[in-house]
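In: Have a look at this fold, sequence not included:
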């Protein structure tokens, strides 16, 4: 019997089930670790959870979740995340970007080079330290990012069109929490082991 088969299935996956968090329960509070070994039911749920994460990762990679329309799959994940970071955080140096993204400085340098060549990112002297270089999003870079972001937004809207607004908000909260936990877990290995 697979882990999924032993869990109760929601006959109406587009609607909140009786066991789903109620709208008033968002954002979902963290559950403190108990330090106790998982029960059989916990183990079954964790097995099903990790399986769904593996399936999600595979399908996300297969489709690249690249959006809809003309901008679909027109920007790779590394470029999208780097441009998004510069858009959200403003100009930054390579080391600051690497720390914020949880990757090596050499990886940022390698990833930013084609963006500079394409005119999407510009290198500029740091006004506070003339020896340092800041990376900043150019107007064409912001326009390109907006196009790709709108394309990806349309895809997510389509994939979750039968979800309620609260379900989308709850899933976002939990997915962000999982991503944070993964970042902290990999951070334990030290800078040298980040990819």
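Out: Received it, and whenever you're ready, just let me know what you need. This is a predicted model, so every value here is computed, not measured.
In: Going by C-alpha atoms from here, please, whenever you check contacts or count neighbours.
Out: Fine.
In: okay, and for this protein, where does confidence drop off?
Out: For the chain, the stretches flagged by pLDDT under 70 are 1-36, 63-74, 130, 188-195.
In: Would you map the strands across it?
Out: For the chain, the strands defined by DSSP state E occupy 121-126, 129-137.
In: Packing partners of the longest one?
Out: For strand 129-137, the contact count by 3 or more CA pairs under 8 Å, 6 or more residues apart in numbering; DSSP states H and E identifies helix 77-89, strand 121-126 as packing neighbours.
In: Which among these is found nearest to residue 142?
Out: Ranking the helices and strands packed on strand 129-137 by distance to residue 142, with CA to CA as the measure, places helix 77-89 first at 7.3 Å.
In: Just give me how far the closest one sits from the chain centre.
Out: Its chain's C-alpha centre lies 11 Å from the corresponding centre of helix 77-89 when counted by CA atoms, centre = their mean, to the nearest Å.
In: Same check on stretch 171-188?
Out: Using CA atoms, centre = their mean, the offset of stretch 171-188 from its chain centre is 9 Å.
In: Please apply the same query to stretch 154-170.
Out: Stretch 154-170 has its C-alpha centroid displaced from the chain centroid by 16 Å (CA atoms, centre = their mean).
In: Please point out which parts of that stretch sit buried.
Out: Applying a neighbour-count criterion of 16 or more other CA atoms under 10 Å, one finds 155, 156, 163, 166, 167, 169, 170 buried in stretch 154-170.
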